[in-house]
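1. prediction below, plus the sequence it came from.
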Amino acid sequence: MGWNLAWAAGVALCGAALVGAGQLVVGWELAPLALGVAAGLVGASLGAGGSRVRSAAVAAWTLAMTAAVLLSGGALGPLAAWCLAPLAAAAAYRNAELLPLGAAGALAAAAIAALSSALLPLPASPPGAAAWLGLIGLAGMALALGAALVMLYAEFTRERRARDDVETGLLEVLDNQPQLLFDLYPGGRILEAFGQPPPGWRSRDLIDRSFVDLVNADDRPAVEEALHRAVSAGSAEIAVRPAHDPAGCWELSLRRMSRVRIVAAVRDARAQRAREAELEEARIAAEQQNAGKSRFLANMSHELRTPLNAIMGFSDIMRQRLFGPISERYADYAELIHESGAHLLELINDVLDMSKIEADRFELARELFDAREAISGALRLMRGQADRAGVSLRGVLPPETMLAVADRRAVKQIALNLLSNALKFTPRGGSVTLTLQAAGDTLELIVADTGVGIAPSDLQRLGRPFEQAGDPSQRAAGSGLGLSLVRAFAQLHGGEMSIESDLGDGTTVIVRMPVLSEPPTAMPAFAAGG
């Protein structure tokens, strides 16, 4: 903008000086100078625009300068040097993309001026002012073009310095980054190397050497194959040993940049491999400890159950007064001992079953039986607990036989655990419904309650051993193994367990197991019980 305004002001001052000196009169003789002033003003107004607007400004310069040259005598006139003005204007915008347009405009103006001088009668400048106009044309054009080129050179210098600063910073980052980066020929010759070089090498010493020389001799065929794969497939990754450290480990990633160049990134994986080895050792140790715990509990099955069965048996004899009358206080004590023993036996059975499952020692005792029998037995066992809790317990069983090939005790245990959980979390006056149905060869056991529901945070944890939901009083009522055993038994049968619940809207647990078999026609129908 400043260059354009300076041009317009300079031409205007020269014109005013010639008029004042009597060399020019106000009229058509001032038209060439007026066009020069107009070109500068238009260029200044359009100079703040984008690339297209500035292109239009260069085109305006071309038209204005062509007309000014023609009005002053053409190629033989005093202002013939103004044909270079479009190129100077393009340079003044300090945009290399405009230089071809400015050069084309200057060439077009010169060609039109030359042809017009040869073919057309053009107006001539006054004899007294011709010398002054020639001086204005040559000197002004020289100053303007020189100033524009200086501005353009300054802009190019600034951009080059900015690029050099960016390149220097990028090279500094590359030289100090933790990996080794190489620019390679497909055959492995090193063009550039960045990062910390291997011990005994300097970065400049690596140039023009083969990358294969940096790896252990035994791994060199694999590196050559990886280079070939990177060229053909575009990428390759491989782990190799460096030549300077046979016990070390490099992870090499190759990427094809072009048909003749490959970038290679080398990362020292020794620390990672050591960490992975430590984690693997820790995992194996943890699994061994967990398996040892599970084996210990599984092996303790007889030792734990035998004395407990004796306690329950003797307390049962006492509460039934089989060997004579006892006082009511002792009878109450015997009842409490029997109930406590039964609860303890239930907890021990859960722990031992889970331990056997974790130790891979639980074996299913598959047999053919009517699934309704096992479920009805579970309903009868839980009837007393439901009555004491004031909860309505209902079973919905199909009238037709449901033959299943499964572990009868496991199926019954699934129903008992689900019913026990449902009753524990259902307040007095609520209801628990057990539904047994068939879907093809899949047995579906659904237990739905109208209880307190399960919070989303608890829902994610349930089904894992020893995880419980609810308030402290509800958690104290069990071992946290009920749902985990249900899930484990279902998975042992090739099935699954899912839980649907919203806080305050009850809970529904669905167990699906592909264990059903076609019932024989001679088997009588079974009446749902419990």
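-> Looks like it came in fine. Numbering: from 1, shown residues only.

2. contacting residues around stretch 175-182?
-> Here stretch 175-182 makes contact (C-beta atoms under 8 Å, 6 or more residues apart in numbering) with 174, 190-198, 203, 206, 211, 263-268. (C-beta placed from N, C-alpha, C; glycine too.)

3. how far does stretch 432-451 sit from its chain's centre?
-> Relative to the centre of its chain, stretch 432-451 is centred 40 Å away, using C-alpha atoms, centre = their mean, to the nearest Å.

4. end to end on it, go ahead and measure it.
-> Stretch 432-451 stretches 8 Å from its first residue to its last (C-alpha to C-alpha, to the nearest Å).

5. list the residues that contact E278.
-> By C-beta under 8 Å, 6+ apart, the contact list for E278 is empty.

6. what helix or strand is it located in?
-> Element membership for E278, per DSSP states H and E: helix 270-299.

7. tell me the helix or strand right after that helix.
-> Following helix 270-299 toward the C-terminus (DSSP H and E): helix 301-320.

8. that next one vs helix 270-299, what angle?
-> 40 degrees (axes from the mean of the first three to the mean of the last three C-alpha atoms, to 10 degrees).

9. which strands and helices sit next to helix 301-320?
-> Secondary-structure packing of helix 301-320 (3 or more C-beta pairs under 8 Å, 6 or more residues apart in numbering; DSSP states H and E): helix 328-358.

10. which strands and helices sit next to the helix it packs on?
-> Secondary-structure packing of helix 328-358 (3+ C-beta pairs under 8 Å, 6+ apart): helix 270-299, helix 301-320, helix 482-492.

11. what are the phi and psi values for H244?
-> phi -80, psi -10 (degrees, to the nearest 10).

12. quick one, helices of the stretch 101-250 of the chain?
-> With helices called from DSSP state H, counting those that start in this stretch, the stretch 101-250 of the chain shows them at 127-176, 203-206, 220-233.

13. low-confidence stretches in the chain?
-> 24-27, 125-129, 200-201, 203, 293-295, 297-302, 343, 358-361, 459-480, 518-530 (pLDDT under 70).

14. what about the residue most central in space within it, which SS state?
-> Residue closest to the average C-alpha location in the chain (C-alpha atoms, centre = their mean): S253, at 20.8 Å. The three-state label for S253, taken from DSSP: H, G, I helix; E, B strand; the rest coil, comes out as strand.

15. now swap in the one 3 residues further on and tell me
-> Recorded secondary structure, R256: strand (three-state DSSP).

16. can you report how many residues neighbour it?
-> A count of nearby residues for R256, using other C-beta atoms under 10 Å, gives 19.

17. what do you get for A31?
-> When neighbours are counted by other C-beta under 10 Å, A31 registers 14.

18. helix or strand: which one has it?
-> With DSSP H and E as the test, A31 turns up in helix 31-46.

19. what about the helix holding E278, distance to the chain center?
-> Taking mean C-alpha positions (C-alpha atoms, centre = their mean), helix 270-299 and its chain are 31 Å apart.

20. how about stretch 135-149?
-> Worked out by C-alpha atoms, centre = their mean, stretch 135-149 lies 60 Å from the chain centre.

21. need the contact partners of it.
-> In contact with stretch 135-149 (C-beta under 8 Å, 6+ apart) are residues 3, 6-7, 10-11, 14, 78-82, 84-85, 87-92.

22. please apply the same query to stretch 322-335.
-> 315-319, 321.

23. 10 Å instead, please
-> Outside stretch 322-335, the residues within contact range by C-beta atoms under 10 Å, 6 or more residues apart in numbering are 314-321.

24. just the buried residues of the residues you listed.
-> 315-316, 318-319 (16 or more other C-beta atoms under 10 Å).

25. identify the farthest-apart pair in those residues.
-> Based on C-beta to C-beta, the longest span within the buried ones among the contacts of stretch 322-335 runs between D316 and M318 and measures 7.3 Å.

26. shared neighbours, the two?
-> 334-335, 337-338.

27. reformat these as a markdown table; add distance to G22 and neighbour count.
-> Output for the shared contacts of D316 and M318, formatted as a markdown table (distance: C-beta to C-beta, whole Å; neighbours: other C-beta atoms under 10 Å):
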| residue | distance to G22 | neighbour count |
| --- | --- | --- |
| A334 | 143 | 19 |
| E335 | 139 | 14 |
| I337 | 138 | 17 |
| H338 | 138 | 20 |
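
28. just send those residues back as CSV, with distance to L119 too.
-> Putting the shared contacts of D316 and M318 into CSV (distance: C-beta to C-beta, whole Å) gives the following:
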residue, distance to L119
A334, 136
E335, 133
I337, 132
H338, 130
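
29. domain ranges for the protein?
-> Domain assignment for the chain by automatic domain parsing gives 2-160, 180-268, 280-358, 366-517.

30. could you dump the ones you listed to TSV with distance to L170?
-> Putting the domains of the chain into TSV (distance: least, C-beta to C-beta, whole Å) gives the following:
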stretch	distance to L170
domain 2-160	15
domain 180-268	10
domain 280-358	39
domain 366-517	47
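
31. count of residues packed around V166?
-> V166 has 10 nearby residues by other C-beta under 10 Å.

32. fine, thanks again, bye for now.
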